[in-house]
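Novice: next one to model:
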Amino acid sequence: MKNTFKGGFLTAVFICFVNLLHADILLNENILNTAIEQNISANSKQIQELTGVNIALALSDKKDFESLKAYEANLSKPYILLVFSKPSHRVDILANNDALAFFDKEGVLSPYPEKGTILPILANPKQKDIYNAALFNGYADIADQVASHFNIKPFYGNSNRDTLNIMRILIYGFLCVAILMFVQRRIKRRR
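Specialist: As a prediction, this is how the structure comes out:
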């Protein structure tokens, strides 16, 4: 009986350790809702199977940023860890050197809405559920960039971003044509 307990205990510890190495959401303390958490978990497993890249999240509304960074040591390489600490008011992406080549860290964390996917949403506190939206958008952007790097069809796509870019081009194009027509009429009137 004693040997069975030892074997079972060691097996349980081993399984927990293996799951921790391949975990996708290492910590979620009241940040993401369950539907988003399940979506991220399912897609993280697929991404890891197809690319070998471990994309994980450590999110907390209680722990400080430095204690969340400690989760980085538990990840197998190549890894990307999205870290968010509500008390520290910080969000960052930690990755090993190999994984940094798979995505644009500066782009994901950019404060400009044209490029960034996390900070522009967090900067607008009037919206509801900004943490779910910002972190899911950031995760989806990272996942799609990693998939594109390995020539895999993107998991989430960025149709909203494409639509907004097309609208910007049309509006700015219309403004340029209107300004050119205005200038042309002014020149004709002077002659």
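Novice: from memory residue 102 sits against residue 145, does it?
Specialist: Yes. The criterion here is C-beta atoms under 8 Å, and residue 102 meets it with residue 145 at 6.7 Å. Where C-beta positions appear, they are placed from N, C-alpha and C, glycine not excepted.
Novice: quick check: the gap between residue 42 and residue 144.
Specialist: Here residue 42 is placed at a distance of 15 Å from residue 144 (C-beta to C-beta, to the nearest Å).
Novice: which one of these two is surrounded by more residues?
Specialist: Higher neighbour count among residue 42 and residue 144: residue 144, with 20 against 12, using other C-beta atoms under 10 Å.
Novice: element containing that one?
Specialist: Using DSSP states H and E, residue 144 maps to helix 130-149.
Novice: and that helix, what does it pack against?
Specialist: If you count contacts as 3 or more C-beta pairs under 8 Å, 6 or more residues apart in numbering; DSSP states H and E, helix 130-149 packs onto helix 34-51, strand 54-60, strand 79-85, strand 90-95, helix 105-108, helix 119-122.
Novice: quick one: buried residues of the first one?
Specialist: For helix 34-51, the buried set under the neighbour-count rule, 16 or more other C-beta atoms under 10 Å, comprises 36, 37, 39, 40, 43, 44, 47, 48, 51.
Novice: burial of the closest residue to the first one other than its chain neighbours, as a residue count?
Specialist: If I follow you right, that is residue 36. Excluding the flanking residues, the one nearest residue 36 by C-beta to C-beta, 6 or more residues apart in numbering is residue 136, at 5.2 Å. Burial of residue 136 is recorded as 23 neighbouring residues (other C-beta under 10 Å).
Novice: got a list of what residue 136 touches?
Specialist: Going by C-beta atoms under 8 Å, 6 or more residues apart in numbering, residue 136 touches 32, 36, 39, 40.
Novice: any chance of the residues you listed in a markdown table with distance to residue 109 and pLDDT as columns?
Specialist: Shown next, in a markdown table, are these (distance: C-beta to C-beta, whole Å; pLDDT from 0 to 100):
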| residue | distance to residue 109 | pLDDT |
| --- | --- | --- |
| 32 | 18 | 82 |
| 36 | 20 | 84 |
| 39 | 22 | 84 |
| 40 | 18 | 84 |
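Novice: among those residues, which pair sits farthest apart?
Specialist: By the measure C-beta to C-beta, 32 and 39 form the most distant pair in those, at 9.5 Å.
Novice: how about TSV for the contacts of residue 136, with distance to residue 185 added?
Specialist: Formatted as TSV, the contacts of residue 136 follow (distance: C-beta to C-beta, whole Å):
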residue	distance to residue 185
32	56
36	53
39	54
40	55
